[in-house]
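**Q** The following comprises the amino acid sequence and a computationally predicted model.
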Amino acid sequence: MTVRTRFAPSPTGMLHIGGVRTALFCWLYARRHGGVFILRVEDTDRERSTDEAVQVILDGMEWLGLKSDEGPYYQTRRMDRYRATLEKLLAESKAYRCYCSKDELDEMRKAQMARKEKPRYDGRCRERTEPRAGVEPVIRFRNPLDGVVEVGDVIHGRVTFQNRELDDLIIARADGSPTYNFCVVVDDMDMAITHVIRGDDHLNNTPRQINMLQALGAAPPAYAHLPMILGPDGAKLSKRHGAVSVLEYREQGYLPEALLNYLARLGWSHGDQEVFSQDEMTGLFDLAQVNKSAAAINPDKLNWLNQQHMLRADLQRLAVELQGQLQRLGVQAPDLVQLQGIVAIQRERAKTLVEMARASRFFFAAPDMYEDKAVAKHIKSETPALLQQFRDRLHALTAWEAPAIHQALEGLCAEAGVGLGKLAQPVRIAVSGGSVSPPIDATLALLGREATLARLDVALAHFGSGAQ
RNA sequence: GCUCCCAUCGUCUAGAGGCCUAGGACGGUGCCCUCUCAAGGCAUAAACCCGGGUUCGAAUCCCGGUGGGAGCGCCA
């Protein structure tokens, strides 16, 4: 049997990290088993569903490369099917109309709570045959009164529920529209889903869904209830925890494969391996290795992984990404060859593309000021003379390449009897404005002769007279 | 309150009864490398929630407790 999984987000908020992890596991499982991954948008809540949210989901999935093999399906376009199924259940007396008012139900719940019982519908309309005048009824599923329901969960094992703990849930509202639990059941059945992979907040819904599936004559799928993802503080994930939408991770300069790798390791593991390529993940993933307890997000580790993936990524691709990030800083960098060179030396000193862009800005814009602290520490009275000599040697260089530049640097320092730092740091300040940059020879090589000499001249003019 | 789920270093995890003196990773600390910052290398501190049982032997199995989470909507 072909594996068929589905990711079924509701477009009522943002596609956040928890949703992405669920989508990833569904996708990985399908990929691993040569199955089909389906995207289904659960938009039956017309009050809260928005087109923007749908778009965010689509864009997010696209960015992450979690391509669906089928869909996206939209529940709002399947209303006829839900209605027909509702009628069928009604005709077979597996569902019934309930005329209780919301106030009535409210009171019922309150009374039950007061009695320390679990609040639930008491089934008072179960056997009603006559409509109540002036009331638009809802439709309830007639849940079995006794016996047990067994949920076969790949992650949790067998979980059993007593039917008497379950009540007759509403499957269609007074306006006739079907509700979530019912749509899910009809969809999973119609779409022949073999593995329902979702957050474990749905575990408690599962027995009802199995009962409905049974009422409809369908065999229940396998279930896999994934542990929740928590914020860095161990509390429930919320807007306070930074990136609300996945797309913000893109803006913050994360690589999609890094985010996916990170998310995969939240709950899943393959021995001691931390870094996974896409192919490794799809080749190794299995639900059997998913653990049961909730996991807190760790931004430091995400950053580390992002760097690991940048270190492994294609230079051309990163150059384009860096170009985009630079643009956001208002820096135009049209030379992709130069950008590749920059990426090559910057990626081991940046956790994200945003960091890389910030640290690479000086390649494209001469410093408009020198950092006070750096100047105080590295610009001494003998510095201008040294800088001037270095400038002259660079000017005379035939080949503008890192090794030659390095030689010039080393040679001069040796002659002057000073350590490399005595010269490299002032040059760094002249060229970048601060005391941090990639190795100075590589930096100057990438910066180019013209820009280098010009910046040294500016610095000389500045420090030459200013320094005591 | 009721039902269900969960429990290994700060965090993510390995561990399917002896291989555990509990391993790896992030982060921390120290050292090496070094023109700065990194990257890299080496080293180091740091955990089996508690209590019973089963067993020759338990992080691993069972029970209880404690703690955390989820669900109990005409939301999904």
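**A** Now that the structure is in, tell me what you want to look at.

**Q** Please make it C-alpha for all contacts and neighbour counts, starting now.
**A** OK.

**Q** Tell me how far the closest residue to A:Leu226 other than its chain neighbours lies from A:Met1.
**A** Nearest residue to A:Leu226 in three dimensions, chain neighbours excluded: A:Gly199, at 4.7 Å (Cα to Cα, 6 or more residues apart in numbering). Distance, A:Gly199 to A:Met1, by Cα to Cα, to the nearest Å: 24 Å.

**Q** Which residue of those two possesses the greater neighbour count?
**A** A:Gly199 (17 against 5; other Cα atoms under 10 Å).

**Q** Quick check: the gap between the more buried one and RNA strand B.
**A** Taking Cα to the nearest atom of the strand, to the nearest Å as the measure, A:Gly199 falls 8 Å from RNA strand B.

**Q** OK, contacts around that residue?
**A** By Cα atoms under 8 Å, 6 or more residues apart in numbering, A:Gly199 lies in contact with A:22, A:225-228.

**Q** try it again with 10 Å
**A** Neighbour list for A:Gly199: A:18-19, A:21-22, A:224-229 [criterion: Cα atoms under 10 Å, 6 or more residues apart in numbering].

**Q** cool, A:Phe37 as well?
**A** By Cα under 10 Å, 6+ apart, the contact set of A:Phe37 is A:3-7, A:23, A:26-31, A:66-71, A:193.

**Q** does it sit in a helix or strand, and which one?
**A** A:Phe37 is part of strand A:36-41 when elements are defined by DSSP states H and E.

**Q** Are that strand and RNA strand B in contact anywhere?
**A** No: residues of strand A:36-41 are not located near RNA strand B by Cα under 7 Å from any atom of the strand, the shortest gap being 7.6 Å.

**Q** What is the subsequent helix or strand relative to that strand?
**A** Per DSSP H and E, the helix or strand that comes after strand A:36-41 is helix A:51-64.

**Q** Which strands and helices lie in contact with that next one?
**A** helix A:17-32, strand A:36-41, helix A:246-251, helix A:256-264 (3 or more Cα pairs under 10 Å, 6 or more residues apart in numbering; DSSP states H and E).

**Q** what about the strands in chain A?
**A** Secondary structure of chain A by DSSP state E: the strands cover A:4-7, A:36-41, A:70-74, A:95-98, A:138-141, A:148-153, A:157-162, A:170-172, A:195-199, A:222-226, A:229-230, A:295-296.

**Q** Can you give me the neighbour number for A:Arg46?
**A** 10.

**Q** same question, A:Ala396
**A** Neighbour count of A:Ala396, defined by other Cα under 10 Å: 11.

**Q** how about it, what does it touch?
**A** Residues in contact with A:Ala396 (Cα under 10 Å, 6+ apart) are A:390, A:408.

**Q** Check the gap between it and RNA strand B for me.
**A** 20 Å.

**Q** tell me the contacts of A:Ala215?
**A** A:89, A:92, A:94-95, A:141-144, A:209.

**Q** for the helices and strands packed on helix A:51-64, which one sits closest to A:Leu213?
**A** When those are compared by Cα to Cα, strand A:36-41 sits nearest A:Leu213, at 18.6 Å.

**Q** how many degrees apart are the closest one and helix A:17-32 in direction?
**A** 150 degrees (axes from the mean of the first three to the mean of the last three Cα atoms, to 10 degrees).
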